[in-house]
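Engineer: what's the 3D shape of this:
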Amino acid sequence: MSMANEINTTRVSYKTNFFVRAAKYFVPWKGDGVSEVFRKLMFIASIAVFAVSLDSLADYLRADKQELTYFEEIRSLEPDFGNSSEGSSPSKGSSDEVDTSDKKGKITKIENPVITVEPRELQEWALPLLERNDDVVGWIKIPGIKDGNGDAIINYPVLQHESNNDYYLHHNIDGAYTESGSIFADSVVPITLEGQANNITIYGHNMMNGTQFATLQRFKKGADFIRQNPLIEFNTIYERNQNYVIIASFIGIDAEDQDGGEGAFDYWNYRNFTPDGHYSFETWKSNILKYSWIESSVDFNEDDDYITLSTCTYELGSVRTVRWVVVAKKLTAKDSLDEIVESYKDKADKDIYFFRAWRDTYGNKKVIVGGV
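Structural biologist: As a prediction, the model looks like this:
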């Protein structure tokens, strides 16, 4: 009995000594020198920072999951635009499908859209969206850019605030504040029953979780990718079954970062083309062709309708406000999609115009930072 008690006492004493020694190693103790106290305080501070970081990370992941779920719900609101051939004309020289192939020889089928010409009127498909938010002015979808489930990633309502372009930078369709904001159209020229701008600029954030306009970056892959994904579906609330074909894609820079003495291309200001001068169609056309990373045989003029998709990109870091821009024109009966698809080519770096801040960093060449 005495031996057993003696052994138990020794074990308790050993455990007590271990925890005391551990406490003395990590916690300031009587008799510690200045450097030792400093070391222990720094350790305690690092543990506190780590705990706060874990908590912040958990909050971020929870918020990100909630946001992804919200975007799935928004995409599920995609309207049924119908597929009436009434009043339509097939594209000249077109067939039911266009064959394209990637570098590995994989064949992709692109269905030639039917060109619909109908009276401009408020569409029935838009009514549920307008009940949710009367700032909804359309719906945009890029059918070729899909997630792992085969669903289009860019598939969103388009909003337009009545007075400024800042509101939907950080508000969703339900009016709640959010960092990811909404896909929204330039507000200077309203989209109405009476008409819209010749060229509508549509903005969206480049979100790290892949939502909004993040996957617009994939068009940086060049002609091969665009050849397989040439179409953008965009319907204002007064239209249906409208398709746009890509005619240019380029790097742009915002007004506050304009090149000194040189002037960057302020693509966002080209709304209704003027007969001549700075905002004429010819000035706009020459600039998008000059800046574009790709070229094609697309025929376009001032009588066509256009959309310009704009999102952030980070080749110049976070200091300079750089944009990735994709321009598309509405398909008409005169267009031959198969001819357009076949004509896409990558422009040589020497034939592309890059603004000065880009040339100062990379020279006159295409550079892509991050995965696309």
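
Engineer: where does the prediction get shaky in the stretch 101-250 of the chain?
Structural biologist: 101-109 (pLDDT under 70).

Engineer: could you chop this structure up by domain?
Structural biologist: Following automatic domain parsing, one gets these domains for the chain: 2-62, 86-362.

Engineer: I'd like to know how far the closest residue to H170 other than its chain neighbours sits from K350.
Structural biologist: Spatially, and ignoring its direct neighbours in sequence, H170 is nearest to G181 (5.0 Å; Cβ to Cβ, 6 or more residues apart in numbering). C-beta coordinates here come from the backbone N, C-alpha and C atoms, glycine included. G181 is 37 Å from K350, where distance means Cβ to Cβ, to the nearest Å.

Engineer: who's more crowded, those two?
Structural biologist: Taking neighbours as other Cβ atoms under 10 Å, G181 and K350 compare with G181 leading, 20 against 7.

Engineer: and what about that one, helix, strand or coil?
Structural biologist: coil (DSSP: H, G, I helix; E, B strand; the rest coil).

Engineer: and the gap between the nearest residue to N172 once chain neighbours are set aside and Q212?
Structural biologist: With Cβ to Cβ, 6+ apart as the criterion, N172 has its nearest non-adjacent residue at 5.1 Å, and that residue is T178. With distances taken as Cβ to Cβ, T178 is found 10 Å from Q212.

Engineer: ok so E342 is a helix residue?
Structural biologist: Yes: according to three-state DSSP, E342 belongs to a helix.

Engineer: what sits against it?
Structural biologist: E342 makes contact with R227, according to Cβ atoms under 8 Å, 6 or more residues apart in numbering.

Engineer: tell me where this structure has strands.
Structural biologist: Listed in chain order, the strands found in the chain under DSSP state E are 88-89, 97-101, 107-111, 115-116, 136-141, 155-159, 184-185, 199-203, 231-236, 243-253, 294-295, 306-313, 322-330, 345-346.

Engineer: returning to that earlier point: dump the domains of the chain into TSV; add distance to T69 as well.
Structural biologist: Shown next, in TSV, are those (distance: least, Cβ to Cβ, whole Å):
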stretch	distance to T69
domain 2-62	11
domain 86-362	11
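
Engineer: among the ones you listed, which is nearest I74?
Structural biologist: Proximity to I74, assessed across the domains of the chain by Cβ to Cβ, is greatest for domain 86-362 (6.4 Å).

Engineer: chain center to the closest one: distance?
Structural biologist: 11 Å (Cα atoms, centre = their mean, to the nearest Å).

Engineer: which stretches in the protein count as helices?
Structural biologist: Per DSSP state H, the chain carries helices over the ranges 2-26, 34-75, 127-132, 223-228, 281-291, 337-343, 356-362.

Engineer: using CSV, write out every CA atom in the fifth one.
Structural biologist: Same thing as helix 281-291. Only the C-alpha atoms of helix 281-291 are listed here, as CSV (Å, rounded to 0.1, in the frame of the first residue of the first chain):
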residue,chain,number,x,y,z
PHE,A,281,-18.3,56.1,-84.6
GLU,A,282,-15.1,56.2,-86.7
THR,A,283,-13.0,57.3,-83.8
TRP,A,284,-14.5,54.5,-81.6
LYS,A,285,-14.1,51.8,-84.3
SER,A,286,-10.4,52.8,-85.1
ASN,A,287,-9.6,52.6,-81.3
ILE,A,288,-11.2,49.2,-80.6
LEU,A,289,-9.4,47.8,-83.6
LYS,A,290,-6.1,49.4,-82.6
TYR,A,291,-6.3,48.2,-79.0
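
Engineer: give the buried residues for it.
Structural biologist: F281, T283, W284, K285, N287, I288, L289, Y291 (16 or more other Cβ atoms under 10 Å).

Engineer: of the residues you listed, closest to L77?
Structural biologist: I288 (32.0 Å).

Engineer: wait, that closest one touches S249, no?
Structural biologist: No: I288 is beyond contact range of S249, at 9.2 Å (criterion: Cβ atoms under 8 Å).
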